[in-house]
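# pasted the sequence and its predicted model underneath.
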Amino acid sequence: MAYRDILHRVSGDLALALGLLTRLPLRGAPDVRRGAEAAWAWPLAGLAPAGLAALAIWLVAGFGAGIAAATGLAVAVIVTGALHEDGLADTADGLWGGWTPERRLEIMKDSHIGTYGVIALVLSLVARWSLIAGLVGSGAVLPVLLAAGMLSRVPMVALMALMAPARPGGLSRAVGRPPMQTAWIGGGVALLLALILCGSAAIWALLVALLLAGLLGRIAQAKIGGQTGDVLGASQQLAEIAALAVLATTVA
C-alpha cells in the first residue's frame, strides 16, 4: 500500500472515529457501517475532548481549581455530547434495575434515567472533578488529560472485539465487531503516545483501566449476555477515572 493510500486511510478512520464519538462539526454523518474498521482510531478521538478541556481549564484557572476543573469537564461533555455519560447511566440502571436479561436491555434502551443512573453519574463527575482539580496549577493538566482521553477509550475497542453484541439491533451491532488486531493497534498507538506524554505511569494507567473495564464486561456478560453501546460508554467512564487516578498521583 502506497504512503498516500496509508495516509488517506488513517485520516479517514480518524474522521470516522471523531464523527462517531464526538459532536464536532465534521462534514457529513459518520458511516457506522465502517465503524469497526476505524475502531483503532477511537483512542485518538479522545484527544479532541481532552485537549479542548485542557484549554478551557487554562483559560479559567485564575478563578480557582474547582471552577477550572468544572469548566473542563463541561467542555468535554459538550464535545462528546455526553455520549459516554449517557452510556454509564443507562448501564447502571439496566444492569442493576432489572431481574432478567430482557428487562435489563429494555431498561437500558429507555431514555429515562433512574436512581442507579443518577448515582453513577454523580459519582463519576465528582471523581473526575476532584482528580482534575488536583492537577490545576501543576503543569500536568494537558499531558494527563490527553493521556487519559486516549487510554480510557482503549477498553471500548477491546470489549467490542472480545464480546458479542447483547441485542440484535443498536449502535454496537451497527458498528460491527472489530478483530483483535484492531484493538491491539488502537491500544498500542494510545499507549505509545501516552508514554511520551506521561512516562511509564501510562502503562499502569492502562492496566488499571483495562482491569475495571474487564470487570464491567464480566458483569455485562453475566447479566445481559454481551456488550451494548451503553456498556462501552460505561467502560470509558470507569477507565477514565482509573487513568486519571493513576496519572494524577504519579505525574503531577
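Thanks, I have the structure now. Residues are numbered from 1 along each chain as shown.
# quick one: low-confidence ranges for the stretch 51-200 of the chain?
Along the stretch 51-200 of the chain, segments meeting pLDDT under 70 span 169-175.
# for it, which segments count as helices?
65-80, 83-97, 101-109, 115-133, 141-151, 154-162, 171-175, 180-198 (DSSP state H, counting those that start in this stretch).
# out of these, the one nearest residue 248 is which?
Proximity to residue 248, assessed across those by CB to CB, is greatest for helix 115-133 (4.9 Å). To be clear about C-beta, it is placed using only N, CA and C from the backbone, and glycine gets the same treatment.
# helices or strands up against that closest one?
Helix 115-133 sits against helix 65-80, helix 83-97, helix 229-250, with contacts defined as 3 or more CB pairs under 8 Å, 6 or more residues apart in numbering; DSSP states H and E.
# thinking again about what came up before, in CSV: the helices of the stretch 51-200 of the chain, plus mean neighbour count and distance to residue 210.
Below are those laid out as CSV (neighbours: other CB atoms under 10 Å; distance: least, CB to CB, whole Å):
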stretch, mean neighbour count, distance to residue 210
helix 65-80, 20, 21
helix 83-97, 24, 16
helix 101-109, 18, 23
helix 115-133, 17, 18
helix 141-151, 27, 9
helix 154-162, 25, 6
helix 171-175, 19, 19
helix 180-198, 18, 8
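# reformat those as JSON lines; add distance to residue 248.
Output for the helices of the stretch 51-200 of the chain, formatted as JSON lines (distance: least, CB to CB, whole Å):
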{"stretch": "helix 65-80", "distance to residue 248": "11"}
{"stretch": "helix 83-97", "distance to residue 248": "19"}
{"stretch": "helix 101-109", "distance to residue 248": "31"}
{"stretch": "helix 115-133", "distance to residue 248": "5"}
{"stretch": "helix 141-151", "distance to residue 248": "6"}
{"stretch": "helix 154-162", "distance to residue 248": "18"}
{"stretch": "helix 171-175", "distance to residue 248": "31"}
{"stretch": "helix 180-198", "distance to residue 248": "10"}
